[in-house]
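> Below is the sequence, then the predicted model.
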Amino acid sequence: MEFLLLFFIGFASNTLGILAGGGGLISLPAMMLMGLPVHSAIGANKVSNTVSSFSSFFVMAKRKEVTVKEALTVVPISLTGGLTGGLIAAYMKEEWMIMLAVVLLTFAFISSFFGKGDFANNEPFRATKKSVSSLFGIGIYDGVFGPGSGTLGLYLYDRLKLSYLRAVALSRVMIFSSCFGASISYISTGKIMWPLTFALMLGAITGAQTGVRLAQKLNTKHVKPILRTVTILLIVQIAVEYFG
C-alpha cells in the first residue's frame, strides 16, 4: 500500500510540476505525513525528479520544442547550482531557506503582473549575465530546499521571452540538472531509502509524460493564472510550515 501511495504522489506532483511547477506542493507534505524523515523525503524527490525531468525533456526535444544546444547551455549552470545547494544543505538552517522561499515566490508573484509577458514570444535561450546568475541561484535553492523551483524557472523563462513549451522544456532541463547535482549529495550521505524512491520515481515518470501532453494543449492565456495560483498555494504552504 505504501508503494502504491508513493506512485500516485509521484504521478500527481509531476503532472502539476510540468504545467506550472510546484510539484513539491503535493510530494513533500504527503511524504512527511507518511512519516518519512525529511532528508529522505527530499532525497527521494531529487532522485525521482532527475529521471522524470529527463524523460519529459526527451519527448519535447524529439518534437523540436527546444534545441539540444539550449539544453546543453542550461545543464552545467543548474547542475553546479544543484550540487552546491545539496552540499550546503547540511549547514544551512531550515528556517532560513523557508523564509527565502517565501521572499522569492512573493517577488515572482508580484513581478508577474508587470510587463506584457504571457509566453507569447518565442525567443531562443541565451546565456547572459542575468540568465546565468538567475539559473544558478534557482539551482542552489532547488538543491537545498526545492518547492517552487520549477515555478521560479517558468517565471524566469517568461521574462526572457521564451514560449510556454520552450519554457516547460528548459524548466525540465533545469530541474534535471539541479536535482542530479543534489542527488549526488543525498546519495553520498546515505539519505536515500531506495525501495520507496523507486515507487515515487515510477509515478513521477508517468506523471511527467501526462503533463507534457497536457502542456501542448494548454492555451497560453491560461498559463499565468495557473502559475499565480500555484505560487500563492506554495507561499501559503511554506509559510504555514514555518509559522507552525
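Perfect, I can see it now. In this text the structure is predicted, and so the values were computed from the model without any measurement. Numbers count the residues shown, from 1 in each chain.

> now for the helix or strand of the chain with the lowest mean pLDDT, which elements pack on it?
When each helix and strand of the chain is scored by mean pLDDT, DSSP states H and E, helix 94-111 comes last, with a mean of 77. Contacting helix 94-111 under the criterion 3 or more C-beta pairs under 8 Å, 6 or more residues apart in numbering; DSSP states H and E are the following elements: helix 129-144, helix 149-159, helix 223-243. C-beta coordinates here come from the backbone N, C-alpha and C atoms, glycine included.

> Show me what counts as buried in it.
Buried residues in helix 94-111, counted by 16 or more other C-beta atoms under 10 Å: Met97, Ile98, Ala101, Val102, Leu104, Leu105, Ala108, Phe109.

> okay, the residue nearest to the spatial centre of the chain: pLDDT?
Per C-alpha atoms, centre = their mean, the C-alpha nearest to the average position across the chain is that of Gly150, at 3.1 Å. Looking at Gly150, its pLDDT is 89.

> need the contact list for Gln209.
For Gln209, the contact set (C-beta atoms under 8 Å, 6 or more residues apart in numbering) comprises Ser55, Ser56, Val59.

> Among these, which lie within helices?
Counting by DSSP state H, those place Ser55, Ser56, Val59 in helices.

> hang on, the earlier thing: and the angle from the least confident helix or strand of the chain to helix 223-243?
Per axes from the mean of the first three to the mean of the last three C-alpha atoms, to 10 degrees, the angle that helix 94-111 makes with helix 223-243 is 150 degrees.

> Next, the angle from helix 94-111 to helix 149-159.
Angle, helix 94-111 to helix 149-159, by the same axes, to 10 degrees: 30 degrees.

> correct me, but Gly207 touches Leu19?
No - the pair formed by Gly207 and Leu19 falls short of the contact definition of C-beta atoms under 8 Å, at 10.5 Å.

> what about those two, which has more around it?
Gly207 (27 against 24; other C-beta atoms under 10 Å).

> Does Pro124 touch Thr67 like I think?
Yes - counting by C-beta under 8 Å, Pro124 touches Thr67, with 7.3 Å between them.

> joint contacts of those two?
Residues touching both Pro124 and Thr67 by C-beta under 8 Å, 6+ apart: none at all.

> ok so, going back, between the contacts of Gln209, identify the one with the most neighbours.
Counting by other C-beta under 10 Å, top hit in those: Ser56 with 30 neighbours.

> for that one, what are its contacts?
Residues counted as contacts of Ser56 (C-beta under 8 Å, 6+ apart) are Ile18, Ala169, Arg172, Ala208, Gln209, Gly211, Val212.

> Put the buried members of the residues you listed into a PyMOL selection.
Selection of buried members from the contacts of Ser56 for PyMOL, criterion 16+ other C-beta under 10 Å:
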select buried, resi 18+169+172+208+209+211+212
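
> Turn the contacts of Ser56 into a markdown table, columns for distance to Phe136.
Below are the contacts of Ser56 laid out as a markdown table (distance: C-beta to C-beta, whole Å):
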| residue | distance to Phe136 |
| --- | --- |
| Ile18 | 23 |
| Ala169 | 19 |
| Arg172 | 18 |
| Ala208 | 24 |
| Gln209 | 29 |
| Gly211 | 25 |
| Val212 | 26 |
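
> Find the pair from the contacts of Ser56 with maximum spatial separation.
Farthest-apart pair in those is Ala169 and Gln209; separation 13.6 Å (C-beta to C-beta).

> ok, the ones in helices among the contacts of Gln209 vs Ser178, which is closest?
Of all the ones in helices among the contacts of Gln209, Ser56 has the smallest distance to Ser178: 15.0 Å, by C-beta to C-beta.

> returning to that earlier point: redo the helices and strands packed on helix 94-111 as a markdown table? Include distance to Ala182.
Converted to a markdown table, those look like this (distance: least, C-beta to C-beta, whole Å):
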| stretch | distance to Ala182 |
| --- | --- |
| helix 129-144 | 4 |
| helix 149-159 | 10 |
| helix 223-243 | 18 |
